[in-house]
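J.: Pasted the sequence and its predicted model underneath.
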Amino acid sequence: MNIKKYEDRIKELTDRAKAGNEYSDDCDLGEQFYLELLSLFVEKYEQQIISRDDLIRKQKALRQRLEKYYQWGEIFDRHTRIQNRCSPLLTEAEKHGCPVCKKLVRIFDGRN
């Protein structure tokens, strides 16, 4: 997966958080988490509770977690597409396949 394609979205979220706009209807749960937590860190920095270096370190760690969140989302979507493409074939193999095919289908489905 190429993280570069998410750079614009992450920059947009980062800019929102730095401006104090941590609530948004166009964010999913992972992005909302990033926004709120980064906003909290920025606020702590502005109140001089954490240093600039701490803010940068925390922002980098949050970004890495958001990138992993995006990666897991892509893996899930890819798995769903594969499962949807295989489903009719597995049904057919279970109905009309040999005993080995039927057993493979049950193993693949987690029933055996």
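T.: Done, it's in.
J.: Now do the contacts for residue 97.
T.: residue 105 (Cβ atoms under 8 Å, 6 or more residues apart in numbering). Where you see a C-beta, it was placed from the backbone N, CA and C, and this is true even at glycine.
J.: pLDDT at it, what is it?
T.: pLDDT recorded at residue 97 is 88.
J.: go on, residue 90?
T.: For residue 90, the predicted pLDDT is 88.
J.: Next, count neighbours for the residue lying closest to it once chain neighbours are set aside.
T.: Closest residue in space to residue 90, ignoring its immediate chain neighbours: residue 105 at 5.0 Å, by Cβ to Cβ, 6 or more residues apart in numbering. By other Cβ atoms under 10 Å, the residues close to residue 105 number 20.
J.: How about residue 71?
T.: 13.
J.: Quick one: low-confidence residue ranges for this structure.
T.: Applying pLDDT under 70 to the chain flags residues 1-3.
J.: what about 90?
T.: For the chain, the stretches flagged by pLDDT under 90 are 1-6, 8-9, 18-27, 83, 86-87, 89-91, 93-94, 97, 101-102, 104-112.
J.: tell me the helices in it, going along the chain?
T.: 7-18, 29-46, 52-96, 99-109 (DSSP state H).
J.: which one of those helices is the most hemmed in?
T.: helix 29-46 (a mean of 17; mean count of other Cβ atoms under 10 Å).
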